[in-house]
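In: The sequence and its predicted three-dimensional model are supplied below.
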Amino acid sequence: MAAYFVDLDGTTFLFGTNEFLPNARENLLALKRAGHQIIFTTLRDDAADVRKVLKRAGLSAMIITGVQSPRVVINDDGAYAVNHQTDAPWNSV
């Protein structure tokens with residue numbers, strides 16, 4: 001299993017909204033069903049409204065707020081990065 005750190009604005013949601021990008025919800029649910037951990041990151045200071053949207057979508061997960069970009073992952077057991085074009089639909093994960 002893996003831990004997926006997933007940005008909200010422009011990656012999960014249409015930038016500046018709480019509307020899922022095409023296929024984002026479905027792909028995230030597939031990851032969750034496969035047993036992966038999903039951790040959302042965002043520069044937003046307050047994520048209370050986002051938590052409600054994610055919970056209704058079946059995607060209750062940890063949300064880390066106030067996280068600036070670029071984001072760098074340093075890990076001793078493998079790490080991967082996917083640069084997702086802002087507001088682009090998800091093809092697959």
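Out: Received the coordinates, thanks. Numbers count the residues shown, from 1 in each chain.

In: okay but residue 24 is in contact with residue 9, surely?
Out: No: here residue 24 does not reach residue 9: they are 11.8 Å apart, not a contact under CB atoms under 8 Å. Yep, even glycine has a C-beta here, placed from its N, CA and C like the rest.

In: neighbour-wise, which of those two wins?
Out: residue 24 (23 against 18; other CB atoms under 10 Å).

In: tell me the centre residue of the protein?
Out: Nearest residue to the geometric centre of the chain (CA atoms, centre = their mean): residue 6, 2.8 Å.

In: Make sure I have this right: it is in a strand.
Out: Yes: counting by DSSP: H, G, I helix; E, B strand; the rest coil, one finds residue 6 located in a strand.

In: from what I can see it touches residue 38, true?
Out: Yes: counting by CB under 8 Å, residue 6 touches residue 38, with 6.1 Å between them.

In: tell me, what's touching the two both at once?
Out: Counting by CB atoms under 8 Å, 6 or more residues apart in numbering, the shared contacts of residue 6 and residue 38 are residue 28.

In: quick one: contacts for the residue lying farthest from the centre of the chain?
Out: Note on the chain: the largest C-alpha distance from the chain mean falls to residue 76, namely 22.2 Å (CA atoms, centre = their mean). With contact set as CB under 8 Å, 6+ apart, residue 76 has no partners.
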